[in-house]
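Colleague: Please work out how this folds:
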Amino acid sequence: MNWLFPLVAVAIWAGNTVVSKAAAGVIDPAAISFYRWLIAGLILTPVMAPKLWRQRQAIWPYWPKFAVLALLGMVLYQCLAYFAAHSTTATNMGVICALIPLLGLVLNWAFFRFRPNGRAMLGVGLSLLGVLYLLGQGQPNRLLAGGINRGDGLMLIGALAYALYGILLKRWALPFSPWLNLYLQIGFGVLFLIPVALSAQSLAIAPAAISMVLFAGIASSIVAAYCWMQGIARMGSEKTAIFMNLLPLLTALIAVLVLGETLHGYHYLGAGLILFGVFLVQFRQPTGAS
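Modeller: Numbers count the residues shown, from 1 in each chain. Below is the predicted model:
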C-alpha cells in the first residue's frame, strides 16, 4: 500500500489546480498566493521553529540557496498558477504541469551539460508537438497567427521555474531534513510574497474563498507534502516521480466533475503525446548484474 502515499499527494495537487481555477472568481490571486504559504508556515512553526533555532548556525551559509528555491517554487510557480487560472482552464493547467520533467531535461542539457539519449530526445519532440497541438486547440497554425493564451503562457513560465527548482534541489542536496527544508522555503516564500500581496486589489477573503484558502494552505502545502515525502522514503524518488504523470488526468477528471469543464479531442491527443513523451524520458532500461 506504499503507492497510496504518492497517489494521495498527486490527487491533492490535482484538486488544488481546480481550486486555483475556482478561486479566480472569488479572491485576488496575489492574496491567495500569500495566504496559502502564510497558513502553512504558521501551522509548522510550533514544531519547526525550535529545530530551526537549534540548527541556525549550520543553516546560515545556505540561506541564499533556500531563498532561490523559494523564489522558483513558491513565488514563480505557485503564484503564477493563481494568475494563470484567470485566463485558462484547469485542464490546460494540469496538462502543462506534466511538461515539468521534460523542461527539466532541456534545462539540464542547456545549462548543466547533461546529454540526453535518443529516446529522451524523441520524448521531448513528441511532448513539444503535444503542447503545440493543445495550446492551438487542435490547430497549431493558430499559434503563428495569434500566439498562445495568456494563462497558458503564465503556466508555461511557472512550469519552467519549477523544473529549474527540481534541478537545483537535487544538485544542491541541502543537508537538512525534508520538513526543515520545506519550512525554510516557506519562510522565504512568505517574505517574497509580501510585496505581491500589497499589490492586490483586495486582501479580503470572501466566505466562498475560505475553504479554498484552507485547502491550499493545509491540504496542498502540508498534507500532500507529507504524503510525497512518505512515498519517496518508502518507494524511492524515481518510482514516486512516475505518479506525477497522473496529474493531468486527475485534474481533468476533477475539473469536469466540479467545474463542468468540457474535454475536446485536442485535449486527449495533446495530453497523450505529452505523457508518452514524458514516459520515454523517464523510462529506464533494467540493468543486469555484472
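Colleague: C-alpha from now on. contacts and neighbour counts both.
Modeller: Fine.
Colleague: Just the residues contacting the helix or strand that contains residue 171, thanks.
Modeller: Take DSSP states H and E as the rule and residue 171 turns out to sit in helix 150-172. Residues lying outside helix 150-172 but in contact with it, judged by Cα atoms under 8 Å, 6 or more residues apart in numbering, are 69, 72-73, 76-78, 80-81, 83-88, 92-93, 96-97, 99-101, 103-104, 107-108, 135.
Colleague: Looking at the residues you listed, which are in helices?
Modeller: With helices identified by DSSP state H, the entries of these that belong to them are 69, 78, 80-81, 83-84, 92-93, 96-97, 100-101, 103-104, 107-108, 135.
Colleague: where does the stretch 151-290 of the chain have low pLDDT?
Modeller: Counting by pLDDT under 70, the ranges of the stretch 151-290 of the chain that qualify are 237-238, 278, 281-290.
Colleague: And residue 180, how far from residue 52?
Modeller: Noted for residue 180: a distance of 7 Å to residue 52, by Cα to Cα, to the nearest Å.
Colleague: same question but for residue 93, I mixed them up
Modeller: 35 Å.
Colleague: Ok, residue 257 next?
Modeller: Residue 257 is 42 Å from residue 52, where distance means Cα to Cα.
Colleague: Can you go through the contacts of helix 150-172 and name the buried ones?
Modeller: Buried members of those, counted by 16 or more other Cα atoms under 10 Å: 69, 72-73, 76-78, 80-81, 83-88, 92-93, 96-97, 99-101, 103-104, 107-108, 135.
Colleague: Of all the residues in the helix or strand residue 266 falls within, which ones are buried?
Modeller: When elements are defined using DSSP H and E, residue 266 is found to belong to helix 265-282. Taking 16+ other Cα under 10 Å as the basis for neighbour counts, the residues of helix 265-282 that come out buried are 266-267, 269-282.
Colleague: quick one: which of those is nearest residue 173?
Modeller: Comparing those against residue 173 with Cα to Cα picks out residue 282 as the nearest, at 20.9 Å.
Colleague: thought residue 244 was touching residue 10?
Modeller: Yes: counting by Cα atoms under 8 Å, residue 10 is a contact partner of residue 244 at 6.3 Å.
Colleague: More neighbours: which of these two?
Modeller: Each of residue 244 and residue 10 has its neighbours counted (other Cα atoms under 10 Å); residue 10 has more, 26 against 20.
Colleague: Check that one and give its pLDDT.
Modeller: You'll see residue 10 listed with a pLDDT of 87.
Colleague: From what I see, it and residue 224 are in contact.
Modeller: Yes: assessed by Cα under 8 Å, residue 10 is found in contact with residue 224 at 7.4 Å.
Colleague: tell me the contacts of residue 259?
Modeller: Contacts here follow Cα under 8 Å, 6+ apart; on that basis residue 259 touches 18, 22.
Colleague: What residues does residue 41 make contact with?
Modeller: Residue 41 sits in contact with 183, 186-187, where contact means Cα under 8 Å, 6+ apart.
Colleague: Now tabulate those in a markdown table and tack on distance to residue 43 and neighbour count.
Modeller: Formatted as a markdown table, these follow (distance: Cα to Cα, whole Å; neighbours: other Cα atoms under 10 Å):
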| residue | distance to residue 43 | neighbour count |
| --- | --- | --- |
| 183 | 10 | 22 |
| 186 | 11 | 29 |
| 187 | 12 | 19 |
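Colleague: Looking at those, spot the one nearest residue 123.
Modeller: Comparing the contacts of residue 41 against residue 123 with Cα to Cα places residue 186 closest, at 33.5 Å.
Colleague: Give me the contacts around the helix or strand hosting the closest one.
Modeller: Using DSSP H and E, the element containing residue 186 is helix 178-198. Judged by Cα under 8 Å, 6+ apart, the contacts made with helix 178-198 from elsewhere in the structure are 30-31, 33-34, 37-38, 40-41, 44, 48, 51-52, 66-67, 69-71, 74-75, 174, 203, 229.
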